[in-house]
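Participant: Predicted coordinates and the sequence they were generated for:
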Amino acid sequence: MRLSLSSLNGLPADVRRPAYDVANAEIGVVHLGVGAFHRAHQAVYLDDCLGLGATGWAVCGASLRSPDTSQALDPQDGLYTLATRSGSGDELRIIGSLRRLLVAPSNPKALLDAMSDPGVRIVTLTVTEKGYCHDPATGTLDEAHPDIVADLANPSAPRTAPGYLVEALARRKAAGTPPFTVLCCDNLPSNGATVARVVGHLASLRDPDLGRWVEGEVAFPSTMVDRIVPATTDADKAMVSSRLGVDDHWPVMTEPFSQWVIEDRFPTGRPPLEDVGAELVKDVRPYEDMKLRLLNGSHSTLAYLGYLAGHETIAGTMAESAFQLLVERLQDQEVTPTVPAPPGADLAAYKRALRARFANPALRHRTWQIAMDGSQKLPQRLLAPIRDRLAAGAPIALLSLGVAGWMRYVSGTDEHGQAIDVRDPLAERFRQVAHTAGPDAERLADGLLAIREVFGTDLPADPRFTGAVKAALAGLYREGAAATVRRAVAG
């Protein structure tokens, strides 16, 4: 038997169930990119809102690429299990806020119709950094991106998240329907402003009048989201199904911690998110910098160097004392001076909590998973604080070691000569650079530093940066990641 509405009442008493009539909840949110993170984060907050009686804020989730989520959850009436993992065990909860599932490539009309529905007042997104078809170094739309070119040629069958947003907004404008609020939940710098710039530019390319309307009428609040969500394994599915007594084909695993900071700007209304733990603020930027630089920057550094050192998971990496010291010193000495504390925040306590979360042995967060799409992540996670440190004339040795770890990783071959499965929009360019450079650290660094979409034009021209990165990369080739990290923290 599968998890479904009909099987809810038969679940064990220790499994938390939706506190509302799931079948009668009304859709008020369309979500683009319905993957594990959305289902462990925003969908949970909305499930809590529905439980408070705000029954008009259920979700229509859309996959922009794969039908996997729809195929797994449609037979389950959209229900799935949230397993919260800690040292004391796994707490299971059934989430019911995901009321409809669409697969965009197979039926773009259905998604556009859903986004054009006057009852939908918010469109949320978790499509990863690369899903916005922008230049990570500048935050502007990549007009030459083949999918953007295709969206301009055939706007009624978009391929991209910006294409769907623009076409749906154009339809609402033509129908006299107020625009939805666009709520980006991805790790982009100033994510609301960045998505507004990308969507507004694409709208203007289609029709200057539409571009002006988007700029003047559509709200793009910024957000900061935080929750660690490892990929679900077959063992996870078996554990959940055994506990439930019915099969759940796609549960999600997560940690107890969750945070959602949102700029409170919703012209057509919003759910009572402040009543379920979200923080509604005037300015998200301090929270964003704190998270992107302290959490994501150190997470990426651990992922690249930990993978190279032979560690499968972040917790396994943190079990090695040198990596613990690396994270502590990276955060305290080089990153914290670039992070103004948000109102009421205790940065020292925040960093201690981060390190405890990274070391949580119950979460098998793979270094390889975090290492994906590094070209889209480096600019905000490591290069932004590097720029601030250089402007202050301050050292960047540990931040540069993180960048060098990324360079060694994307070379495509590990320390034992085995191939690395590099997943990145620029993977082919990395392969070409690595092929030309061979096992020469300086040539590899020069080739990668020439990729303007990642490094811009300023950093490759600054010898303080290039020198530090090349020295760290040479150490990784000469000694390996584990020894290089031990040497970096020995002083």
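Facilitator: Structure received. Numbering: from 1, shown residues only.
Participant: How many neighbouring residues does the closest residue in space to L302 that isn't next to it in sequence have?
Facilitator: Once flanking residues are discounted, L302 sits nearest to T317: 5.1 Å by CB to CB, 6 or more residues apart in numbering. No exception for glycine: its C-beta is placed from N, CA and C like everyone else's. As a burial measure, T317 scores 28 neighbours (other CB atoms under 10 Å).
Participant: Make 19 the first number, not 1, from now on.
Facilitator: OK, 19 is where the count begins now, so the last one is T335.
Participant: name the helices or strands packed onto the helix or strand where T335 lies?
Facilitator: Taking DSSP states H and E as the definition, one finds T335 inside helix 332-336. Here helix 332-336 touches helix 315-326, helix 339-347, helix 365-376, helix 385-389, going by 3 or more CB pairs under 8 Å, 6 or more residues apart in numbering; DSSP states H and E.
Participant: CA atoms of that helix as PDB?
Facilitator: This file holds the C-alpha atoms of helix 332-336, laid out as PDB (Å, rounded to 0.1, in the frame of the first residue of the first chain):
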ATOM      1  CA  ILE A 332      30.500  16.700   5.300                       C
ATOM      2  CA  ALA A 333      30.100  15.100   8.700                       C
ATOM      3  CA  GLY A 334      32.900  12.700   7.800                       C
ATOM      4  CA  THR A 335      35.100  15.600   6.800                       C
ATOM      5  CA  MET A 336      34.300  17.500  10.000                       C
END
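Participant: List of residues touching that helix?
Facilitator: Contact with helix 332-336 is made by 317, 320-321, 323-324, 327, 329, 341-342, 345, 373, 376-379, 381-385, 388, as judged by CB atoms under 8 Å, 6 or more residues apart in numbering.
Participant: One more pass at 6 Å, please.
Facilitator: 320, 324, 329, 341-342, 376-379, 383 (CB atoms under 6 Å, 6 or more residues apart in numbering).
Participant: I'd assumed P239 was in contact with A214.
Facilitator: No - counting by CB atoms under 6 Å, A214 does not reach P239; the two are 9.7 Å apart.
Participant: And these two? Which one has more around it.
Facilitator: P239 (23 against 20).
Participant: Apart from its neighbours in sequence, what residue is nearest the more buried one?
Facilitator: That would be E281: by CB to CB, 6+ apart, it lies 3.9 Å from P239.
Participant: do the same with L29
Facilitator: L262 (5.8 Å).
Participant: can you count the residues close to that neighbour?
Facilitator: Neighbours of L262 using other CB under 10 Å come to 20.
Participant: so V243 is in which element?
Facilitator: Per DSSP H and E: strand 241-244 holds V243.
Participant: er, A168 actually
Facilitator: Per DSSP H and E: helix 164-171 holds A168.
Participant: Can I get that helix in CSV, CA atoms only?
Facilitator: Provided in CSV are the C-alpha atoms of helix 164-171 (Å, rounded to 0.1, in the frame of the first residue of the first chain):
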residue,chain,number,x,y,z
PRO,A,164,20.5,28.9,-25.9
ASP,A,165,17.4,28.4,-23.7
ILE,A,166,16.8,32.2,-23.4
VAL,A,167,17.1,32.5,-27.2
ALA,A,168,14.6,29.6,-27.5
ASP,A,169,12.2,31.4,-25.0
LEU,A,170,12.3,34.6,-27.0
ALA,A,171,11.5,32.6,-30.2
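Participant: Show me what that helix is packed against.
Facilitator: Applying 3 or more CB pairs under 6 Å, 6 or more residues apart in numbering; DSSP states H and E, we find helix 164-171 packed against no helix or strand.
Participant: May I see the buried residues of it?
Facilitator: 165-166, 169 (16 or more other CB atoms under 10 Å).
Participant: State the next helix or strand along the chain beyond that helix.
Facilitator: Downstream of helix 164-171, the next assigned helix or strand under DSSP H and E is helix 179-193.
Participant: What are the contacting residues of stretch 81-101?
Facilitator: By CB under 6 Å, 6+ apart, stretch 81-101 touches 20-23, 52, 108, 110-114, 116-117, 119, 121-122, 258, 266-271.
Participant: sorry, back to before: what pLDDT does the residue nearest to L29 get?
Facilitator: Listed pLDDT for L262 reads 98.
Participant: how far away is it from V247?
Facilitator: 20 Å (CB to CB, to the nearest Å).
Participant: How about the secondary structure of K148?
Facilitator: Three-state call for K148 (DSSP: H, G, I helix; E, B strand; the rest coil): helix.
Participant: Looks like it contacts Q394 (just checking).
Facilitator: Yes - in this structure K148 lies within contact range of Q394 using CB under 6 Å: 4.8 Å.
Participant: Same drill for those two, tell me which one is more crowded.
Facilitator: Taking neighbours as other CB under 10 Å, K148 and Q394 compare with Q394 leading, 24 against 18.
Participant: hmm, back to that, pick the most buried one from the helices and strands packed on helix 332-336.
Facilitator: Across those, averaging neighbours per residue (mean count of other CB atoms under 10 Å) puts helix 315-326 on top, at a mean of 26.
Participant: Any regions of this protein where pLDDT drops low?
Facilitator: Counting by pLDDT under 70, the low-confidence segments of the chain come to 509.
Participant: which stretches of it form strands?
Facilitator: 45-50, 76-81, 98-104, 107-113, 116-121, 140-143, 152-153, 158-159, 199-202, 241-244, 270-272, 277-281, 297-299 (DSSP state E).
Participant: Make a markdown table out of these and add distance to G474.
Facilitator: Converted to a markdown table, these look like this (distance: least, CB to CB, whole Å):
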| stretch | distance to G474 |
| --- | --- |
| strand 45-50 | 28 |
| strand 76-81 | 33 |
| strand 98-104 | 39 |
| strand 107-113 | 41 |
| strand 116-121 | 37 |
| strand 140-143 | 25 |
| strand 152-153 | 9 |
| strand 158-159 | 12 |
| strand 199-202 | 22 |
| strand 241-244 | 24 |
| strand 270-272 | 35 |
| strand 277-281 | 27 |
| strand 297-299 | 30 |
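Participant: among those, which is nearest R57?
Facilitator: Smallest distance to R57 across the strands of the chain (CB to CB): 4.9 Å, for strand 270-272.
Participant: Quick check: which helices or strands does the closest one pack against?
Facilitator: Using 3+ CB pairs under 6 Å, 6+ apart, strand 270-272 sits against helix 54-58, strand 98-104.
Participant: Check which helices and strands the shortest one sits against.
Facilitator: Secondary-structure packing of helix 54-58 (3+ CB pairs under 6 Å, 6+ apart): strand 270-272.
Participant: Contacts for the strand it packs on next, please.
Facilitator: By CB under 6 Å, 6+ apart, the surrounding residues in contact with strand 270-272 are 54, 57-58, 100-103, 245, 247-248, 250, 254.
Participant: In the residues you listed, which residue is surrounded by the most others?
Facilitator: R57 (29 neighbours).
Participant: Name the nearest residue to that residue, ignoring sequence neighbours.
Facilitator: V270 (4.9 Å).
Participant: before we move on, what about P304?
Facilitator: Closest to P304 by CB to CB, 6+ apart is P360, at 3.9 Å.
Participant: Does the one you found touch R303 like I think?
Facilitator: No - P360 lies out of contact with R303 (CB under 6 Å); the separation is 8.8 Å.
Participant: Kind regards, and thank you for your time.
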